[in-house]
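Engineer: Here is a sequence with its predicted model. Questions after.
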Amino acid sequence: MVIFVVLAILDFRMRDAGGPGIVGFEFAGSEERASEILADWGGKGQDAARASLWLDFLYIVAYSAFLTLAVGAVRDRAARSGLARIAAAGGAVIFMPALGGAFDAIEDVGLLIALDGHGGDAAPLLATICASLKFALIATSIVYIIAGMIAARRPQSRPQ
């Protein structure tokens, strides 16, 4: 939670400097747009972005581990409750938080390269692709957790 609060403060500093927050930078997609964002941020915004990206590596470990454990718990509860389809789906979903975290780490590396003015179009494009995959995998994991928790609370007599 502390990491999230610090990241939110850094994001506010980026916005306060005149540009988008870190998510806007994640979806820059091109060297031209990344350069525009860096110019909007100026030195203070860029310093906040750099600190945010380095701190994000810790956050990746925290959320990936938490979501993986949560998916595993939902999967195991579904298996104990006789919800075979949900339990089976959990066997695939359990890898998604870690994979999302891996894409997040690659994204951060691309953004750090772009922040230093290197990588041309490749670094921001790589970051955008990885951000899209990260958000899709994490969202799928969260939907699975919520759906599995709801299904486990239903009476057992209903079909799956």
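Structural biologist: That came through, no problem.
Engineer: how many other residues sit next to E32?
Structural biologist: Applying other Cβ atoms under 10 Å, we find 10 other residues in the vicinity of E32. Glycine gets a C-beta too; all of them are placed from N, C-alpha and C.
Engineer: What separation is there between it and M14?
Structural biologist: Going from E32 to M14 by Cβ to Cβ, to the nearest Å gives 19 Å.
Engineer: now do A87
Structural biologist: Separation of A87 from M14 (Cβ to Cβ): 42 Å.
Engineer: who's more crowded, the two?
Structural biologist: In this view A87 and M14 are compared by other Cβ under 10 Å, and M14 has more residues nearby, 25 against 19.
Engineer: wait, doesn't the more buried one sit right on A48?
Structural biologist: Yes. Shown here, M14 and A48 form a contact pair, counting by Cβ atoms under 8 Å, at 4.9 Å.
Engineer: what touches both of these two?
Structural biologist: Jointly contacting M14 and A48 under the rule Cβ atoms under 8 Å, 6 or more residues apart in numbering are W41.
Engineer: Helices along the protein, start to end?
Structural biologist: Secondary structure of the chain by DSSP state H: the helices cover 2-16, 22-26, 31-80, 84-93, 96-115, 122-153.
Engineer: can those helices go into a markdown table with extra columns for mean pLDDT?
Structural biologist: Putting the helices of the chain into a markdown table (pLDDT from 0 to 100) gives the following:
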| stretch | mean pLDDT |
| --- | --- |
| helix 2-16 | 92 |
| helix 22-26 | 95 |
| helix 31-80 | 96 |
| helix 84-93 | 96 |
| helix 96-115 | 98 |
| helix 122-153 | 96 |
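Engineer: Would you mind finding the most buried of these?
Structural biologist: Each of these was assessed for mean neighbour count using mean count of other Cβ atoms under 10 Å. The highest is helix 96-115, with a mean of 21.
Engineer: Does that one pack against any helices or strands, and if so which?
Structural biologist: Counting by 3 or more Cβ pairs under 8 Å, 6 or more residues apart in numbering; DSSP states H and E, the packing neighbours recorded for helix 96-115 are helix 22-26, helix 31-80, helix 122-153.
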